[in-house]
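Chemist: predicted structure and sequence below. I'll ask about it afterward.
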Amino acid sequence: KALWLQLEPQDEGYRQDRNGRLLAWVFLGPEPVQTPSASVAVLLAAHGLARLDVRDPNDTQIRGGNDFDVQHADWIIEAQLEAAGGRAGWWGECDPYKDADLAIAAIKQWGDDETVYIVNRGEEPIDLARGWSLEDRAKNQLVFAEYLIDECLLPPGGVLRVHSGPIATGRGGEHTPCGGMEIDWYWTGRKIWDNPADEAWLRKSEAEEEPQTIYYYSYPLSDWD
């Protein structure tokens, strides 16, 4: 198939990486068309052969709608959720936490709506009120049970989106109804996830026992380089 490249013009030519290699979004097809089905990055992510890796997003440029690095990131995240949920490619073969039913599938660490995407890829609902927590490298911790009175079930195939940053200002602990296939949880108005690198731990504690790491996610993707 024919390929076409979407490049970022700069003062002298087009954008390159630090090693002088041309940077581009790659699409399939003889005509310039920007759709998820034509994106090579999306196709690779959907099969678990690649993962979103935004090295240095610029929030000022993102607010202006002209950050080349994240232009098609939402498409890749959707494909990555599908791959992680189905344990496709790396997610089922090389992921050291491939047996975990609750998994961090992606982190969007830029913009005014930082988002952690967590998927239930098991066969049973998972109750977020039963000992689950999310923590970053700086030890900021979200303990779901601290905001819940009753159970909060994430069904099989469901996606939990944990939001932080300006979008969550004044909404700490607010969430959309439990039990749905998509749950949005608003953590804090503070920016939690560092650019360009951070780590995330999804943990679960039972009674008085120490919390156990169920899933670990980091960016950038040094383990994929």
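Modeler: Sure thing, it's come through.
Chemist: three-state assignment of R161?
Modeler: strand (DSSP: H, G, I helix; E, B strand; the rest coil).
Chemist: measure it to R63 for me?
Modeler: In this view, R161 and R63 are 20 Å apart by C-beta to C-beta, to the nearest Å. Heads up, the C-betas are built off the backbone N, CA and C, glycines and all.
Chemist: quick one: which of these two has more around it?
Modeler: For R161 and R63, the more surrounded residue by other C-beta atoms under 10 Å is R161, and the numbers stand at 19 against 11.
Chemist: test my guess that that one contacts V116.
Modeler: Yes - assessed by C-beta atoms under 8 Å, R161 is found in contact with V116 at 7.2 Å.
Chemist: grab the nearest non-local neighbour of L3.
Modeler: Excluding its sequence neighbours, the residue lying closest to L3 (C-beta to C-beta, 6 or more residues apart in numbering) is V26, at 5.9 Å.
Chemist: what's in contact with the one helix or strand the one you found maps to?
Modeler: For V26, the element it lies in under DSSP states H and E is strand 24-28. For strand 24-28, contacts defined as C-beta atoms under 8 Å, 6 or more residues apart in numbering pick out 1-8, 14, 33-35, 38-41, 43, 71-72.
Chemist: pLDDT of it, averaged?
Modeler: Strand 24-28 carries an average pLDDT of 94.
Chemist: can you give me the buried ones in it?
Modeler: Within strand 24-28, the residues scored as buried using 16 or more other C-beta atoms under 10 Å are 24-25, 27.
Chemist: give me the number of residues near W90?
Modeler: Neighbours around W90, by other C-beta under 10 Å: 18.
Chemist: in this structure it contacts A45, no?
Modeler: No - between W90 and A45 there is no contact under C-beta under 8 Å: 10.2 Å.
Chemist: straight-line length of stretch 105-125, end to end?
Modeler: 17 Å (C-alpha to C-alpha, to the nearest Å).
Chemist: oops, could you answer that again for stretch 28-37 instead?
Modeler: First residue to last in stretch 28-37 (C-alpha to C-alpha) measures 9 Å.
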